[in-house]
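Novice: Generate coordinates for the sequence data below:
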Amino acid sequence: MHYVIVVAVALLGYLMGTFPSAIIIARANGIDITTQGSGNPGASNVARTLGWKKGLVVYVLDAVKGVAAVIVGRLVAGDAGGYWCAAAVIVGHVFPLTRGFHGGKGVATGSGAIVVLQPVLSTVLFALWMVVSKTTKKASIASIVVTIGVPVGTAILGAPLWEILAMVGLAMLVVARHLPNLRRLRSGTENSLKGKTA
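Specialist: Okay, the predicted model is just below:
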């Protein structure tokens, strides 16, 4: 029965992840974000296209999905349920059934999940993201560095092996979604964070 409950909350987490924050905010401003900039329906692309304030709104909405999913998972099925829901909400964001499995990259949603799963680590990683993004002017580089930092930081904090392995799996998914960014970085065509300011 416990496994049935875990699967049920994970399914709920997946459905939470499919909520299209970037697409909704962009459409409210007369833009199809999937045809603008990198085409990625995420906070960074919205910020470049519509300004940092709209990008921040998208980031918060996506992060809230991660926070809510982990909280629900923990309440229903303990720590394991929290990790299952973290994985599910990120997968839902990255591969939403409602949009032909074409979603975002999972960074904002993952960051929301990490806030609940590893609050101390999330604070350090947020500061790291700010430093790297300011230095490189590339959100993708900052996101990849921070994503790799999640399992590393979890291990340094002495988490159980299963938690570390769970973080490795989630990090691999997010990094894999950034492969196009890595190719653009190699060719020198990667988008920078600079964009509209309003």
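Novice: Which SSE is immediately downstream of the top helix by length along the chain?
Specialist: Longest helix of the chain, by residue count under DSSP state H: helix 52-94. Downstream of helix 52-94, the first helix or strand assigned by DSSP states H and E is helix 107-117.
Novice: helix or strand right after that following helix?
Specialist: helix 119-136.
Novice: now for that next one, which elements pack on it?
Specialist: helix 107-117, helix 139-156 (3 or more Cβ pairs under 8 Å, 6 or more residues apart in numbering; DSSP states H and E). For glycine as for every other residue, the C-beta is placed from the backbone atoms N, C-alpha and C.
Novice: for the lowest-mean-pLDDT helix or strand in the chain, which positions count as buried?
Specialist: Of all helical and strand segments in the chain, the minimum by mean pLDDT, DSSP states H and E falls on helix 179-187, at a mean of 85. Of the residues in helix 179-187, 181, 184, 185 count as buried by neighbour count, 16 or more other Cβ atoms under 10 Å.
Novice: how distant is that helix from the center of its chain?
Specialist: A distance of 19 Å separates the centroid of the chain from that of helix 179-187, by Cα atoms, centre = their mean, to the nearest Å.
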